[in-house]
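Visitor: predicted structure and sequence below. I'll ask about it afterward.
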Amino acid sequence: MRSKSNVLLYNITAVVIGLVISGLLLLFMKVNPLDVCGQALGKIITDQYNLGEILVKATPLIFTSLAFAFTYNANLFNIGAQGQFAMGAIIAVALSLGLQDSLPTWLLLLLVLLGSFAGGAAVGGLIGGAKAKFHANEFLVSMMSTYVITNFMDYLLRTSLQETKAEYMQTDAISSSAYLPNIIPGTRVHLGFLIAVAAAVAAWILLNKTQLGFQIRAVGKNADASRLGGISSGKIYVISFMIAGGLAGMAGLTEINGVQHMLLRDFNASIGSYGIGIAIAAVVLFLWQGGIYLGASYLTEFISDPFMTELSIVGGFLIAASGISILKIKDFKTMNLLPSLLVPVIFFLGKSLIG
């Protein structure tokens, strides 16, 4: 019980600190944080569409957060969720454009779901294979894989996937027959949100109620001891990264078939890093972060610079989320919160200095 109460205490502390830092960043820009928060909150809670947007923005965060958290159970660090997400999006748009006129919607979406999972899993499997076969540092390999996949996506957007007029680095829009069904009238909330929640439940069951999950957790606790017990750590590395990559890839499906309906250059370029920031927290924090991300969009009424708008409010709450993760990973030592607080502050000051 004491451990659980400590977790709650540190979580609340991290959120409060995130609020304070977001407010300070706004004050630096001569904006009243109370006015901003009041107006943003009012617009969100009084409008059904805006409430739905919280779920829309939370959906891909659930997947990319799971992608990091799943491998962490095997004591692995998947920093490449952004690349796995991009590969899932590539597969999703390619299958949708290629099959939308020849298959019924339910079958098309099923194939796109499986394809986006497989695309992300393939990228993850390569990272896990490098770790298992060559003892490569999965942190660096997964991080660099994002750049590889991003450039691969740019190449496709200049060649085989480029829109018909060949004027812009984007694909054609998919037809409505390939859209994920809307589940709440009057909003953009789509079936992908339910898929994301189901994936989170399935991941928990797999990790905590199955033999494979036990093996993943055992390798995460002590790979050498697990090897003596007959568990192949290399196999677990590959499987863990494949599942994690597949989860991130499914976020590509939800964004292509549920929201964007086409693939663009620099498509959701921060979804992976946001997911890492809240990976160790509860599902409710995905909704929290989705609400904060939506609230940040209203700051354009007060701040003209989009960069500073996002940094001031979203950045502050990423601090809170990162603090939660760091505190849990490091046995709840308060000192470990300090680095996560300093990074965005230094980032903000650097931006101010360079104009």
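Guide: Thanks, I have it.

Visitor: contacts and neighbour counts: CA atoms only from here.
Guide: Noted.

Visitor: so Arg227 sits right up against Ser233, yeah?
Guide: Yes: using CA atoms under 8 Å, Arg227 makes contact with Ser233 at a distance of 6.5 Å.

Visitor: neighbour-wise, which of these two wins?
Guide: Ser233 (23 against 14; other CA atoms under 10 Å).

Visitor: got phi/psi on that one?
Guide: phi -70, psi -40 (degrees, to the nearest 10).

Visitor: report pLDDT for it.
Guide: At Ser233, the model reports a pLDDT of 96.

Visitor: how close does the residue of the chain most remote from its centre sit to Ile239?
Guide: Here the centre of the chain is the reference, and by CA atoms, centre = their mean the most remote residue is Leu228, at 35.2 Å. For Leu228, the distance to Ile239 equals 19 Å [CA to CA, to the nearest Å].

Visitor: same check, this time on Ile183
Guide: From Ile183 to Ile239 the distance is 33 Å (CA to CA).

Visitor: who's more crowded, those two?
Guide: Using other CA under 10 Å, the more surrounded residue of Ile183 and Ile239 is Ile239, with 20 against 14.

Visitor: mind listing what's buried in the host helix or strand of the more buried one?
Guide: Using DSSP states H and E, Ile239 falls within helix 233-255. The neighbour-count check on helix 233-255 (16 or more other CA atoms under 10 Å) flags 233-234, 236-255 as buried.

Visitor: go on, stretch 123-140?
Guide: Going by 16+ other CA under 10 Å, stretch 123-140 has these buried residues: Val123, Gly124, Gly125, Leu126, Ile127, Gly128, Gly129, Ala130, Lys131, Ala132, Glu138.

Visitor: right, and the last one touches Gly80 too?
Guide: Going back to what we said before, that points to Glu138. No: look at Glu138 against Gly80 with CA under 8 Å: they stay out of range, at 9.3 Å.

Visitor: strands of the stretch 151-300 of the chain, start to end?
Guide: Counting by DSSP state E, counting those that start in this stretch, the stretch 151-300 of the chain has no strands at all.

Visitor: where does it dip in pLDDT?
Guide: 275-300 (pLDDT under 70).

Visitor: same thing but at 50, please
Guide: 282-284, 286, 290 (pLDDT under 50).

Visitor: and the gap between Val219 and Ser232?
Guide: 8 Å.

Visitor: shared neighbours of those two, which are they?
Guide: Ser226 (CA atoms under 8 Å, 6 or more residues apart in numbering).
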